[in-house]
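Undergrad: give me a 3D structure for the following:
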Amino acid sequence: MRSRLMITAVAAALGLLSGCGSGGSASAPTAAGRITVASPAFADGGAIPRRYTCAGEDVSPPLTFSGVPAHTAGLTLLVQDPDAPHGTFTHWLAWDIDPHTTQLPAGATPPGAAQGRNSFTKRGYSGPCPPQGPPHRYVFTLYAADRRLGLAPDATTGDVQRALKGHTLASGTLTGRYGR
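TA: Numbers count the residues shown, from 1 in each chain. Model prediction:
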């Protein structure tokens with residue numbers, strides 16, 4: 001009896017696994033729904049060079065993207081500091097980026113993108129600028145959406161996240177560190 005239950009449980013689990021990736025939720029990317037986000041300026045988990053911070057030129061770092069699904073309608077980029085003293089701090093939010101974009105040079109505005117106000121209340125990129133102390137993490141997240149978001153220019157991070165809910169085909173992150 002015990003082995004029959006075990007076989008039934010294994011068969012049920014295999015049945016569930018065989019359906020993954022074909023009709024599941026668009027907001028939960030599968031392994032095939034992973035985008036690679038990288039930068040020639042720093043490795044994942046590495047230090048963000050001063051040039052890309054408030055202590056330097058305060059320009060966005062160069063980024064590269066691969067693995068964007070072919071049927072993507074638009075890309076969204078969020079850069080956030082989850083270690084900020086008063087909660088997650090947004091340094092950049094851009095949406096409706098051309099889905100064929102594979103790289104952004106340093107200081108570039110994403111092609112076809114709308115940019116919202118970051119937590120500095122500025123439109124566009126504002127680099128890492130943590131208080132004195134241990135380094136903070138800065139997470140660059142790229143989302144592939146099945147539709148253009150078409151948000152108003154004053155959209156907030158919350159507006160962007162709500163618009164992506166249920167429409168995310170794939171995502172990827174790159175994390176850098178910076179401290180003063």
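Undergrad: where does the spatially most central residue of the chain sit: helix, strand or coil?
TA: Residue closest to the mean C-alpha point of the chain, counted by Cα atoms, centre = their mean, is T141 at 1.4 Å. Here T141 is strand, with the state taken from DSSP: H, G, I helix; E, B strand; the rest coil.
Undergrad: what's across from it in the sheet?
TA: Residues in a beta bridge with T141, per DSSP bridges, are L78, T173.
Undergrad: go on, A94?
TA: Applying DSSP bridges, one finds that A94 bridges with L77, Q115.
Undergrad: can you map out the strands along the protein?
TA: For the chain, strands defined by DSSP state E occupy the ranges 36-38, 63-66, 74-81, 89-97, 103-104, 114-115, 136-145, 168-178.
Undergrad: hmm, the residue nearest to the centre of the chain is touching T168, no?
TA: No: T141 is not in contact with T168 according to Cβ atoms under 8 Å; the separation is 10.4 Å. Placement of C-beta: from N, CA and C, glycine included.
Undergrad: what touches both of these two?
TA: Common contact partners of T141 and T168 (Cβ atoms under 8 Å, 6 or more residues apart in numbering): none.
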